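Asker: Got a sequence here, can you model it:
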Amino acid sequence: MPGTDLRIQRPQVGLCCLFLLVISVMAEAATHPCPGAKLAVDATDEENARLACAGGTSAIDFLGALGLKKPPLLVIELVDRLPALHDTGLLGSFDADQGRLRVLSYPRCQAIARRFPQFGMPMDTDMYRGIVAHEVGHAMMAFSFRGPRPSILAQEYIAYVTQFMAMSPGLRQHILEHTEISAFEDESQLSLTYYLLDPQAFGIAAFKHFMALPDPRVFVRRLLSDGSPACCADSESD
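Answerer: Predicted coordinates for the structure are as follows:
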């Protein structure tokens, strides 16, 4: 009977479509190792993974040179949504308790930056590398400490410096030349209120301060560990 044939065929078609959907999802999800670094990116887009690798590798190299320990392996998850209570323009996050490092995909960052520009500028691949480096910086700081975590101000200072260092010299110079934000005179000026009211201005002031330091490596050790040897052991940095 025609009716019986249709009832038999419907679940077959449904199972076939479900099977193809599962195959499609499995094919899209991939872990991309980053060449030359103990770093990988979970992403559905290979080009986006390449951008994230560039930003993450820059952060690892920069902070490693400052004495922070290089982790055995970091995995960056590229996602389309971050856990947040409200729309804040958040582009990445590192959960130290879970060890999860998540950054929005490049297209998603571009969309959010139209409403929440980074340093007053649109999102391009150069800026995106800095976003990834910022979050990898947080992850490296968490790995480098066995005792109490550094203050939020110390962490954000280093994360923003890392973000700027991952940018091209041209973009970095453009941002610094088109702002009237002065450098912090010393670490006593690091203000939680300043950071909460304008994180990007805080980041610019931090980077300008960092670039004027006579010995950045010594300052970073003191800022992050308050002189404690639990941070940044040179012999364990590789």
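
Asker: switch to C-alpha atoms for all contacts and neighbour counts from now on
Answerer: Noted.

Asker: which residue is nearest the centroid of this structure?
Answerer: Centrality entry for the chain: nearest residue to the mean C-alpha point is E135, 2.6 Å, by C-alpha atoms, centre = their mean.

Asker: do you know how far that residue is from G36?
Answerer: Going from E135 to G36 by C-alpha to C-alpha, to the nearest Å gives 19 Å.

Asker: I76 now?
Answerer: Per C-alpha to C-alpha, I76 is found 16 Å from G36.

Asker: so how many other residues sit close to L78?
Answerer: Counted with other C-alpha atoms under 10 Å, residues neighbouring L78 total 24.

Asker: Please list all residues in contact with it.
Answerer: L78 makes contact with V41, D42, A43, A49, R102, V103, L104, S105, according to C-alpha atoms under 8 Å, 6 or more residues apart in numbering.

Asker: Quick check: it is in a strand.
Answerer: Yes - secondary structure of L78 (DSSP: H, G, I helix; E, B strand; the rest coil): part of a strand.

Asker: Same question for stretch 63-80: list its buried residues.
Answerer: Within stretch 63-80, the residues scored as buried using 16 or more other C-alpha atoms under 10 Å are 63-64, 66-71, 74-79.

Asker: same thing with stretch 40-55?
Answerer: 40-44, 48-55.

Asker: low-scoring stretches of the chain, by residue?
Answerer: Residues of the chain meeting the criterion pLDDT under 70: 1-29, 84-88, 146-147, 226-238.

Asker: at 50 what do you get?
Answerer: Scanning the chain for pLDDT under 50 picks out 1-27, 227-230, 233-238.

Asker: List the contacts of stretch 33-51.
Answerer: Under the criterion C-alpha under 8 Å, 6+ apart, residues 28-32, 52-53, 56-57, 71-79, 105-106, 125, 128-129 lie in contact with stretch 33-51.
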